[in-house]
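Participant: Structure of the sequence below:
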Amino acid sequence: MSILRLQIHRRTCVAVVVFVPLFALLFQYRILGLLNKLGAHVTPIGTKFPIVLDFQRAPRLLLPFYHTLDYINSIWFSTLLGLFIGGAVIAFLQGFVRRRLNGNGLSQHIAGVLFGLPNMFCTCCAVNIIPGLRRTGAGLGPTLACFVTAPALNIVVIILAFELLPVKLALARLLLGVLAAVGATYFVAMLYPERPREVTPPEIQADESIGSMLRGWLGHTWGIARTVVPALLVGFLIIGLFKTLFPPETIARHFGGGFLSTVLASAVGTVLMVPSFTEVLWVGEMTKHGMEPGPAVALLITLPAVSFPSLWVLGRVVKSRKVAVSLGIFVLILGVIGGVISSMI
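Facilitator: Residues are numbered from 1 along each chain as shown. From the prediction side, this is the model:
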């Protein structure tokens, strides 16, 4: 028994050694990125490579690929962190997931929200954690809650919103983020109930070495990457084609005000993918050019919460396109309702 306890202690120490640097890199990336957006001369580890893409002179047939490359250049670092964290969840947190996230009750759902809070990813990076949660036994509700919480309640982005946007829009971003992370995901899970998942607990070998633990972590990370990355790339290309046919600048001209503009903004925000911070900067700029609160609020919640590529991957991981489509519809409706209410206040 003492040997087994020693092995459990060793596995815990390895987990700490793995998770602490990953989240330290994530926090510096987000916090220094926030300071950079606010005017400080700091550069976080993991920023974009100095690749120049001439969108003005590029042949139109190449524009979808240009948009895809530009987006990958923006999120490559956080995507890698998401993959490594997802692999670490399988390698080291199976016991925690089975105890706290296996089921679809309210307590498991809140645990999923809390698990997602420190994962300050955009939606396409947050989806990399989902395979790890599902493979270790997380229920549908906690999985969706973690997936939406990471981008929708990204505390760094919310701070930026209060710094750069009118208080009315920033408060809407915060409140709708809570509704999306807690309410929308809970309702979707209720639509598609599932029993607590049976997952065989991992056997802890008394002679397992630190090297084998680390190799197992990297193996799980590679397994997630093979599942997620190809689907994400397909989604990126589709969105790149969408941006080529319907440039955001052209769409933005229709975001003046009124119910139809709010619906259009919510639909576009549900489909498009943006790196973290982008929705705040984009909305801040468009409000200066006459965009009214309704479409602004719709974009503020739908852009970060979901996107077509992330929903595409989510449907593959949970093996249900209906779940992915339903979550997208719930977020779209939330954006419309939030926008309509904001335009009336």
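Participant: mind checking which helix or strand the nearest residue to residue 183 once chain neighbours are set aside is in?
Facilitator: In space, and not counting its chain neighbours, residue 183 is closest to residue 334: 7.8 Å by C-beta to C-beta, 6 or more residues apart in numbering. C-beta: built from backbone N, CA, C; applies to glycine. When elements are assigned from DSSP states H and E, residue 334 belongs to helix 321-344.
Participant: Show me what that helix is packed against.
Facilitator: Counting contacts by 3 or more C-beta pairs under 8 Å, 6 or more residues apart in numbering; DSSP states H and E, helix 321-344 is packed against helix 140-152, helix 167-178, helix 185-191, helix 259-271, helix 293-305, helix 308-318.
Participant: tilt between the second one and helix 140-152?
Facilitator: What separates the directions of helix 167-178 and helix 140-152 is an angle of 160 degrees, with axes from the mean of the first three to the mean of the last three C-alpha atoms, to 10 degrees.
Participant: Pull the residues that contact helix 167-178.
Facilitator: 152-153, 158, 161-162, 165, 280, 283, 287, 293, 296-297, 300-301, 304-305, 334-335, 338, 342, 345 (C-beta atoms under 8 Å, 6 or more residues apart in numbering).
Participant: from these, which would you call buried?
Facilitator: 152-153, 158, 161, 165, 280, 283, 287, 293, 296-297, 300-301, 304-305, 334-335, 338, 342 (16 or more other C-beta atoms under 10 Å).
Participant: so where's the chain shaky on pLDDT?
Facilitator: 1-4, 6, 197-207, 248-254, 256 (pLDDT under 70).
Participant: center of it - which residue?
Facilitator: residue 123 (2.4 Å; C-alpha atoms, centre = their mean).
Participant: Might one say that it is in contact with residue 302?
Facilitator: No: when contacts are counted by C-beta atoms under 8 Å, residue 123 is not listed as touching residue 302 (10.3 Å).
Participant: show me what contacts residue 156?
Facilitator: 30, 31, 33, 34, 120, 276, 277.
Participant: my bad, residue 234
Facilitator: 309, 312.
Participant: Could I get the full set of helices for the stretch 51-200 of the chain?
Facilitator: Along the stretch 51-200 of the chain, counting by DSSP state H, counting those that start in this stretch, helices occupy 63-92, 94-100, 106-116, 123-126, 130-135, 140-152, 155-164, 167-178, 185-191.
Participant: nearest to residue 235, of the ones you listed?
Facilitator: helix 123-126 (7.7 Å; C-beta to C-beta).
Participant: Show me what that closest one packs onto, helices and strands only.
Facilitator: helix 63-92, helix 140-152, helix 210-245, helix 308-318.
Participant: Residues contacting that helix, please?
Facilitator: Here helix 123-126 has contacts from 75, 78-79, 81-82, 116, 119, 146-148, 150-151, 232, 235-236, 273, 304-307, 309-310, using C-beta under 8 Å, 6+ apart.
Participant: what number of residues lie near residue 32?
Facilitator: 18 (other C-beta atoms under 10 Å).
Participant: quick one: it and residue 43 touch, right?
Facilitator: Yes: assessed by C-beta under 8 Å, residue 32 is found in contact with residue 43 at 7.1 Å.
Participant: buried set for stretch 96-114?
Facilitator: In stretch 96-114, counting by 16+ other C-beta under 10 Å, buried: 97-98, 100-104, 108-113.
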